[in-house]
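> next come a sequence and a model predicted from it.
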Amino acid sequence: MAKDGIGRPRDVTSEDVLTAFDDVDKPVATGTLLAGLLDVSKQTVLRRLQELEEEGQVERWKVGSRAVVWWPTDES
C-alpha cells in the first residue's frame, strides 16, 4: 500500500481512483460509486478526488444540494 505524507498506509491511491473511472459507463461519477468500485470508504475516495482536483486531473460539479459529480480532465 502507498503511504501518505504522514506515513500512514493508504487504502487506495490517486491512480487507483483515476483508473476506476474506466469502469464507469457514464461521463461522470460520484464519490459513492467510485468507493463501491474500489471497495473503500467514500471519505477515502473523496480525499483522493480532492488531491486529484488540486493537481488538475479531475473536475467536479455540484449538481444538487448535496450531490457532486466528478470526471477526469483531458490532462489525466
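Ah, there it is.
> what residue lies at the spatial centre of this protein?
Leu49 (3.6 Å; C-alpha atoms, centre = their mean).
> got the contact list for that one?
17, 31, 34, 58, 60, 70 (C-beta atoms under 8 Å, 6 or more residues apart in numbering). Yep, even glycine has a C-beta here, placed from its N, CA and C like the rest.
> gap between the host helix or strand of it and the chain center?
Assessed by DSSP states H and E, Leu49 sits inside helix 42-54. Distance of helix 42-54 from its chain centroid, counting by C-alpha atoms, centre = their mean, to the nearest Å, is 5 Å.
> any buried residues in that helix, and which?
Within helix 42-54, the residues scored as buried using 16 or more other C-beta atoms under 10 Å are 44-49, 52.
> tabulate the residues you listed (JSON lines), appending distance to Asp74 and pLDDT.
Formatted as JSON lines, these follow (distance: C-beta to C-beta, whole Å; pLDDT from 0 to 100):
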{"residue": "Thr44", "distance to Asp74": "26", "pLDDT": "95"}
{"residue": "Val45", "distance to Asp74": "21", "pLDDT": "96"}
{"residue": "Leu46", "distance to Asp74": "22", "pLDDT": "96"}
{"residue": "Arg47", "distance to Asp74": "23", "pLDDT": "96"}
{"residue": "Arg48", "distance to Asp74": "19", "pLDDT": "97"}
{"residue": "Leu49", "distance to Asp74": "17", "pLDDT": "98"}
{"residue": "Leu52", "distance to Asp74": "14", "pLDDT": "98"}
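> now Leu16, nearest residue through space, not along the chain?
Actually, residue 16 is Asp rather than Leu. Leu38 (6.1 Å; C-beta to C-beta, 6 or more residues apart in numbering).
> where's that neighbour relative to Pro27, distance?
From Leu38 across to Pro27, the span is 19 Å (C-beta to C-beta, to the nearest Å).
> circling back: as a markdown table, the buried residues of helix 42-54 with distance to Asp23 would be great.
Output for the buried residues of helix 42-54, formatted as a markdown table (distance: C-beta to C-beta, whole Å):
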| residue | distance to Asp23 |
| --- | --- |
| Thr44 | 17 |
| Val45 | 13 |
| Leu46 | 18 |
| Arg47 | 20 |
| Arg48 | 15 |
| Leu49 | 15 |
| Leu52 | 16 |
